[in-house]
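> Need a 3D model of the following:
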Amino acid sequence: MKKNIDSGLLITRIAIAFPMSVYGISKVIHGVGFIEDMMSIHGLPPFFAYGVFAGEIIAPVMLIIGFRARLAGLIFAANCFTATLLAQTANIFKLNDFGGWALELLVIYMLVSLSFFFTGAGKYAVSTQNTWD
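Sure, this is the predicted structure:
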């Protein structure tokens, strides 16, 4: 069977970006008040909470269409890392009800999105011709 790395990259882009965009849509509908509260608790300006839209809506859309996927992957990974620091530090050494790591999904999102920083979007993308594609 012939390898098709570009198809694999497309499927992976969709597989992580679409579910993350659902989180972003939820924040559009319900607001980011709880994130503003977390920012305040950690001594950060509450308006930083609006950065979640870059990581949960803009970057996923960029990944899905393959526009500047390297930059989008970096933003997406930073969003996941920030979520871990702000809201999930208590779960770093915890297991879920099924025996898996409590942070498993968030870390998978973070690492796969970071991989796009190194690989780019592949052939099936809107933009593939500059250094941040």
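> Just the pLDDT for the closest residue to Ile16 other than its chain neighbours.
What sits nearest to Ile16 in space, not counting adjacent residues and going by Cβ to Cβ, 6 or more residues apart in numbering, is Val112, at 5.1 Å. In short, each C-beta sits where N, CA and C put it, glycine included. We have a pLDDT of 98 for Val112.
> was I right about Val112 contacting Thr12?
Yes. If you go by Cβ atoms under 8 Å, Val112 and Thr12 touch, sitting 6.3 Å apart.
> who touches Val28 in this structure?
Contact analysis of Val28 by Cβ atoms under 8 Å, 6 or more residues apart in numbering lists 53, 57.
> Can you say which helix or strand has it in it?
For Val28, the host element (DSSP states H and E) is helix 5-30.
> before we move on, what about Tyr124?
Using DSSP H and E, Tyr124 falls outside every helix and strand.
> before we move on, what about Pro60?
Assessed by DSSP H and E, Pro60 sits inside helix 59-65.
> Tell me which residues are up against that helix.
By Cβ under 8 Å, 6+ apart, helix 59-65 touches 13-14, 16-18, 20-21, 24, 68-69, 71-73, 75-76, 79, 113, 116, 121, 125-126.
> Show me which positions of it end up buried.
By neighbour count with 16 or more other Cβ atoms under 10 Å, helix 59-65 contains the buried residues 59-60, 62-65.
> Now do the residue nearest to Ile16 against Ser40, distance only.
31 Å (Cβ to Cβ, to the nearest Å).
> Tell me who's in contact with Thr119.
Per Cβ under 8 Å, 6+ apart, neighbours of Thr119: Leu9.
> That one and Val112: what is the separation?
For Thr119, the distance to Val112 - Cβ to Cβ - is 10 Å.
> ok, Thr12 - how many residues close by?
17 (other Cβ atoms under 10 Å).
> Next up, identify which helix or strand the nearest residue to Leu74 once chain neighbours are set aside is on.
Excluding its sequence neighbours, the residue lying closest to Leu74 (Cβ to Cβ, 6+ apart) is Phe117, at 4.9 Å. Assigned by DSSP H and E, Phe117 belongs to helix 104-119.
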